[in-house]
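S.K.: okay, structure incoming, though there's no sequence with it:
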């Protein structure tokens, strides 16, 4: 099913300006598929009528990215969506987001293993293909699969992802690039 054919009602949407600056995160109240527009709970005050924006909808199994234009109809604010994309590639735009999260489970040979002490991390950015996060120095290795939870717009999300690369910082933390396996 194409991204524009999906129903995004009740999904979390991250809203960015055209330069990729995070303006807010909210829940989609209504998705009018025929008009290709969404109504959101909260419209970032930085956005005015006819402003362009970028949207990253946290849909399952992977997020969808759209260009948007702010509209007003009958006293309600909507965002018209166009250029919908479902993509899984290294060329995905990265959107900054600084959100605490935690790795709750490791996945080994397809089996979920809960961690007695979940690893507290901070999300650095998110895209349609994955996330980058900062964790204590050398917490994970390339190829590790895991489940992580975080809260955006008062909505708890759980992702399943795999580490594809990492960079050691100052010996006290590492930044991990991950590809999505799934999102709930």
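M.R.: Now that the structure is in, tell me what you want to look at. Source: prediction; values computed, not measured.
S.K.: the lowest-mean-pLDDT helix or strand in the chain pairs with which strands?
M.R.: Within the chain, confidence by mean pLDDT, DSSP states H and E is lowest for strand 76-85 among all helices and strands, at a mean of 76. Strand 76-85 pairs in its sheet with strand 37-40 (antiparallel), strand 64-73 (antiparallel), by DSSP bridges.
S.K.: C-terminal to that strand, what's the next element?
M.R.: strand 95-108 (DSSP states H and E).
S.K.: ok, residues contacting the least confident helix or strand of the chain?
M.R.: Contact partners of strand 76-85, identified using Cβ atoms under 8 Å, 6 or more residues apart in numbering, comprise 2-4, 15, 32, 35-40, 43, 53, 55, 64-72, 128. Any C-beta I mention is one placed from the backbone N, CA and C, and that applies to glycine too.
S.K.: in ChimeraX, select just the buried ones from the residues you listed.
M.R.: With 16 or more other Cβ atoms under 10 Å as the criterion, this ChimeraX line picks the buried residues out of the contacts of strand 76-85:
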select :3,4,15,37,38,39,40,43,53,55,64,65,66,67,68,69,70,71,128
